[in-house]
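I need the structure of the sequence given here:
(one chain, ligands or ions: 2)
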Amino acid sequence: MEWTPEPRELADLELLLSGAFQPLTGFLGHDDVHAVHERGTLADGTPWPAPVTLHLPEDAGGEVTLLDPEGVPLATLTVTEHGPDGLAAGPVKGLGAPEHGPFARLHRTPAQVRDELGGRPALAVTMRGPLDDLDEVAATAKELGAVIVLLPLSYGEDGPGVVRAALRARDRLPAGTLVVPVPLAPRGEPEIDLELREHVASAYGAAEHLAGPEPVRIPGPPHRRGLVVFFTGLSGSGKSTIARGLRDALLELGTRTVTYLDGDVVRRLLSKGLSFSKEDRDLNIRRIGFVAAEAARHGGLAICAPIAPYAATRAEVREMVESVGADFLLVHVATPLEECERRDRKGLYAKARAGLIPEFTGISDPYEEPDDAELVVDTTHVSVEAAVERVLGTLRAGGWVR
Ligand SMILES: Nc1ncnc2c1ncn2[C@@H]1O[C@H](COP(=O)(O)OS(=O)(=O)O)[C@@H](OP(=O)(O)O)[C@H]1O
Ligand SMILES: Nc1ncnc2c1ncn2[C@@H]1O[C@H](COP(=O)(O)OP(=O)(O)O)[C@@H](O)[C@H]1O
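Ligands and ions are numbered 1, 2, ... in the order given. A predicted model of the protein is given here:
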């Protein structure tokens, strides 16, 4: 079978294939993960600081071809173990796919770098942001008589920026300084992260390792940050009416760019042909989330108003949006079913009751009430203007709109 791992898993795969995670040659199984957690070693006692794991779907086994998000086969995994938690272990073998992505031309395997060093001692500096003390790096290298190898840890959105910082630093360090991006995803705990960086540095031939300072992250002010306002609620609850009112109010203010993902337009274009089965609804919501996150990635404000009946799928969209550095605001339009049905603007509830529309949300299909909404609006006794004003008030209070 074929499988596309998550971005973090793909980053680990690249390090397994390049040899940067030596002595590992594949994803870890239960016993190794357990030993790593308990003792900071693999099950056989080899020091190793962090779990390197992969989740596969239940039915996976045997040989699995691992693909990148664009479908390019990267490696084969021979599954030797597949636990009930989905964790799959086994050795990986690269398929020689050409690397792409920003600064791919700078990537080199540890063996290539060790070759280039030709036995000279190396001082590796792993970086997640700009280096604040280049003099110290230069002095340490001089003391050791070592070549400086800058290893920008290029995983994630900030990756290209870290590589640029390394290239700038190289220009101010002694001639011969190397820059080799390494897509090492950060681990949750700083000490584990540091230990893993040590391992990677020594794989690249370093006699000594310096860890660059953690980047200082100053998030932009909320009115410049991307934002997705995501309305959820039953059909007829008032999502589209409030969403349109919000869009118009924002356009009148003129302080933010607005992308409005109208539910009907989505179903006519982006999600044309999808049904109202759980699977298709989930796909519809993921598509909406994907487009909204792209709009928010560069500081835009996106408004979406689908029913989005499933909590897990809404959570996925929240995650997608937050992973691009934007904010996510869930607005539950909590108008009760009786009121939606009384309004029955499109006559759909009557048809659903008569059994003419199967799987109709609230009648013959589930709606999972959110327990994580930033704002809840029941429109039963509220005017449209007042409902819009409540959302706008939340945006003003959070500083997203000025
Ligand atoms: N079976 C069934 N269940 C619910 N809704 C149905 C169904 N069939 C058609 N419709 C019409 O489709 C609109 C909901 O589409 P969404 O894309 O928002 O739904 S979902 O989020 O994918 O669940 C919804 O529009 P709104 O009234 O604007 O919510 C309905 O008019
Ligand atoms: N406070 C309110 N906010 C939003 N809609 C309201 C409100 N009060 C009454 N309505 C009416 O409820 C209906 C909601 O329909 P719509 O916005 O299409 O809902 P949905 O998009 O959730 O299916 C509209 O006819 C609208 O005029």
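
pLDDT (mean, whole number) over the helix or strand where residue 315 lies?
When secondary structure is defined using DSSP states H and E, the element that contains residue 315 is helix 311-323. Within the predicted structure, the mean pLDDT of helix 311-323 is 97.

may I ask you to name the longest helix in this protein?
helix 278-297 (DSSP state H).

what packs against it?
For helix 278-297, the elements it packs on are strand 227-232, strand 258-261, strand 301-304, helix 311-323, judged by 3 or more Cβ pairs under 8 Å, 6 or more residues apart in numbering; DSSP states H and E. (Each C-beta comes from the backbone N, C-alpha and C, glycine too.)

what residues does the helix holding residue 315 touch?
Under the contact criterion Cβ atoms under 8 Å, 6 or more residues apart in numbering, helix 311-323 has outside partners 226, 228, 230, 232, 281-282, 285-286, 288-290, 292-293, 296, 308, 327-328, 330, 368, 370-372.

filter the residues you listed to the buried ones?
226, 228, 230, 232, 281-282, 285, 288-289, 292-293, 296, 308, 327-328, 330, 370 (16 or more other Cβ atoms under 10 Å).

which of those are close to ligand 1?
Of the entries in those, the ones placed beside ligand 1 under the rule of Cβ under 6 Å from any ligand atom are 281, 285, 308.

list the residues that contact the last one.
Residue 308 makes contacts with 230, 232, 281, 285, 288, 314, 317, as judged by Cβ under 8 Å, 6+ apart.

which one of those residues is nearest to residue 111?
Compare each of the contacts of residue 308 with residue 111 using Cβ to Cβ and the shortest gap goes to residue 317, at 41.7 Å.

neighbours around the closest one, how many?
As a burial measure, the neighbour count of residue 317 was computed by other Cβ atoms under 10 Å and equals 24.

now do residue 73
Going by other Cβ under 10 Å, the residues that sit close to residue 73 add up to 14.

partner residues bridging it?
Note on residue 73: beta-bridge partners by DSSP bridges are residue 67.

that one and ligand 1, how far apart?
Distance, residue 73 to ligand 1, using Cβ to the nearest ligand atom, to the nearest Å: 32 Å.

same thing with residue 206?
Distance, residue 206 to ligand 1, by Cβ to the nearest ligand atom: 52 Å.

and that residue, what are its bridge partners?
Residue 206 has the following beta-bridge partners by DSSP bridges: residue 122.

wait, isn't it in contact with residue 117?
No - Residue 206 is beyond contact range of residue 117, at 9.3 Å (criterion: Cβ atoms under 8 Å).

okay, those two: which has more neighbours?
Neighbours per residue, other Cβ under 10 Å: of residue 206 and residue 117, the larger number sits with residue 206, 26 against 18.

so who does the residue of the stretch 1-150 of the chain found nearest ligand 2 touch?
Among all residues of the stretch 1-150 of the chain, residue 69 sits closest to ligand 2, at 32.3 Å; criterion: Cβ to the nearest ligand atom. When contacts are counted by Cβ under 8 Å, 6+ apart, residue 69 touches 4, 7, 10.

filter those to the buried ones?
The neighbour-count criterion (16+ other Cβ under 10 Å) marks 4, 10 among the contacts of residue 69 as buried.

return the member of the contacts of residue 69 nearest to ligand 1.
Top of the list for closeness to ligand 1, among those and by Cβ to the nearest ligand atom, is residue 4 at 23.5 Å.

pull up the residues of the stretch 201-350 of the chain that are close to ligand 2.
Within the stretch 201-350 of the chain, the positions lying close to ligand 2 (Cβ under 6 Å from any ligand atom) are 233, 235-242, 305, 333, 343, 345.

pipe those into CSV and attach secondary structure and distance to ligand 1 per row.
Shown next, in CSV, are those (DSSP: H, G, I helix; E, B strand; the rest coil; distance: Cβ to the nearest ligand atom, whole Å):
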residue, secondary structure, distance to ligand 1
233, coil, 8
235, coil, 3
236, coil, 5
237, coil, 7
238, coil, 10
239, helix, 6
240, helix, 5
241, helix, 9
242, helix, 12
305, coil, 7
333, strand, 10
343, helix, 10
345, coil, 7
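
farthest pair in those residues?
Pairwise distances across those (Cβ to Cβ) peak at 15.9 Å, for the pair 305 and 343.

more neighbours, these two?
Applying other Cβ under 10 Å to residue 305 and residue 343 shows that residue 305 carries more neighbours, namely 29 against 16.

shouldn't that one be in contact with residue 239?
Yes - in this structure, residue 305 is within contact of residue 239 by Cβ under 8 Å, at 4.0 Å.

now do the shared contacts for these two.
Taking Cβ under 8 Å, 6+ apart as the contact rule, the neighbours common to residue 305 and residue 239 are 231, 263.

count residues in the vicinity of the residue nearest to residue 4 when sequence neighbours are not counted, would you?
Leaving aside its chain neighbours, residue 4 sits nearest to residue 67 (4.7 Å; criterion: Cβ to Cβ, 6 or more residues apart in numbering). Around residue 67 sit 18 other residues, with neighbours defined as other Cβ under 10 Å.

for the chain, which residue gets nearest to ligand 2?
residue 238 (2.7 Å).

how near is residue 281 to residue 200?
42 Å (Cβ to Cβ, to the nearest Å).

what's the answer for residue 25, then?
15 Å.

comparing these two, which residue is more hemmed in?
When neighbours are counted by other Cβ under 10 Å, residue 200 comes out ahead of the other of residue 25 and residue 200, with 23 against 13.

if we can go back for a sec, between the ones next to ligand 1 among the buried ones among the contacts of helix 311-323, which is nearest ligand 1?
residue 281 (3.7 Å).
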